[in-house]
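Chemist: can't give you the sequence, but here's the structure:
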């Protein structure tokens with residue numbers, strides 16, 4: 001799973017959400033909380049640091065459901081996967097991903113109850129009447145929101161969509177947010193070498209089933 005943070009606060013919050021989702025018995029998949037270098041990794045920002053007791057109320061103690069490393073319970077794990085087992089393991093991963101979206105939504109809802117901050121797989125910003133929308137992820141999303149506000153003040157009907165969960169990809173929410181939007185642009189920071197557009201633009205194009213989507217690469 002891949003979750004992308006807009007701010008330092010989101011880095012902290014998404015780490016808690018990622019652990020809660022990844023360790024759920026219905027998922028059991030690794031998760032990455034992705035943050036932009038420099039903008040989030042090396043610059044100072046104020047965050048709300050919750051008390052340990054509050055975190056513990058949201059994130060229960062870890063319970064092992066399969067392999068584990070414990071000197072009191074030695075276990076031999078073969079890192080070579082026989083052909084007969086490979087497809088079964090891939091199938092289990094597919095099932096985990098299929099179930100991860102519902103588990104992630106539950107984790108978001110409980111996070112709001114405990115910490116008061118609201119998250120979702122996708123955030124649509126001023127898209128209700130927009131003629132054009134820009135799709136982003138990561139720290140560029142804050143700049144995009146600011147740009148939308150400036151353009152709105154000049155009478156231009158624009159909006160933006162921030163993707164928080166790239167895997168699982170929120171295709172259904174994306175379709176709903178952009179159903180009436182004529183012009184859609186996507187900013188990627190990865191060039192997607194060899195592809196027609198970057199990886200985010202590729203996913204957006206696939207989700208929107210042929211609707212025109214313009215991809216841009218920006219560093």
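Modeler: Yes, it's here. Just so you know, these numbers come straight off a predicted model, no measurement behind them.

Chemist: okay, the closest residue to residue 30 other than its chain neighbours: pLDDT?
Modeler: Excluding its sequence neighbours, the residue lying closest to residue 30 (C-beta to C-beta, 6 or more residues apart in numbering) is residue 22, at 6.4 Å. All C-beta spots, glycine's among them, are computed from the backbone N, C-alpha and C. Confidence at residue 22, expressed as pLDDT, is 97.

Chemist: swap in the one 4 residues further on?
Modeler: The predicted local confidence for residue 26 comes out at a pLDDT of 96.

Chemist: follow-up on the earlier one: thought the residue nearest to residue 30 was touching residue 31?
Modeler: Yes - the pair residue 22 and residue 31 qualifies as a contact (C-beta atoms under 8 Å) at a distance of 4.2 Å.

Chemist: give me the common contacts of the two.
Modeler: residue 1 (C-beta atoms under 8 Å, 6 or more residues apart in numbering).

Chemist: and the biggest helix by length in the chain, what does it pack against?
Modeler: Across the chain, the longest stretch assigned as helix under DSSP state H is helix 83-115. Under the contact definition 3 or more C-beta pairs under 8 Å, 6 or more residues apart in numbering; DSSP states H and E, helix 83-115 sits against helix 8-22, helix 52-58.

Chemist: adding distance to residue 118 and mean neighbour count, write those out as TSV.
Modeler: Compiled in TSV, the helices and strands packed on helix 83-115 are given as follows (distance: least, C-beta to C-beta, whole Å; neighbours: other C-beta atoms under 10 Å):
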stretch	distance to residue 118	mean neighbour count
helix 8-22	10	20
helix 52-58	14	12
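
Chemist: figure out which of those helices is closest to residue 162.
Modeler: helix 8-22 (10.1 Å; C-beta to C-beta).

Chemist: okay, now the closest residue to residue 129 other than its chain neighbours: neighbour count?
Modeler: Computed as C-beta to C-beta, 6+ apart, the closest residue to residue 129 that is not its neighbour in sequence is residue 157, at 5.7 Å. By other C-beta atoms under 10 Å, 16 other residues sit near residue 157.

Chemist: distance check, the residue in the chain sticking out farthest from the centre against residue 66.
Modeler: Largest separation from the mean C-alpha position in the chain: residue 72, at 36.5 Å (C-alpha atoms, centre = their mean). Remark: distance between residue 72 and residue 66 (C-beta to C-beta, to the nearest Å) = 17 Å.
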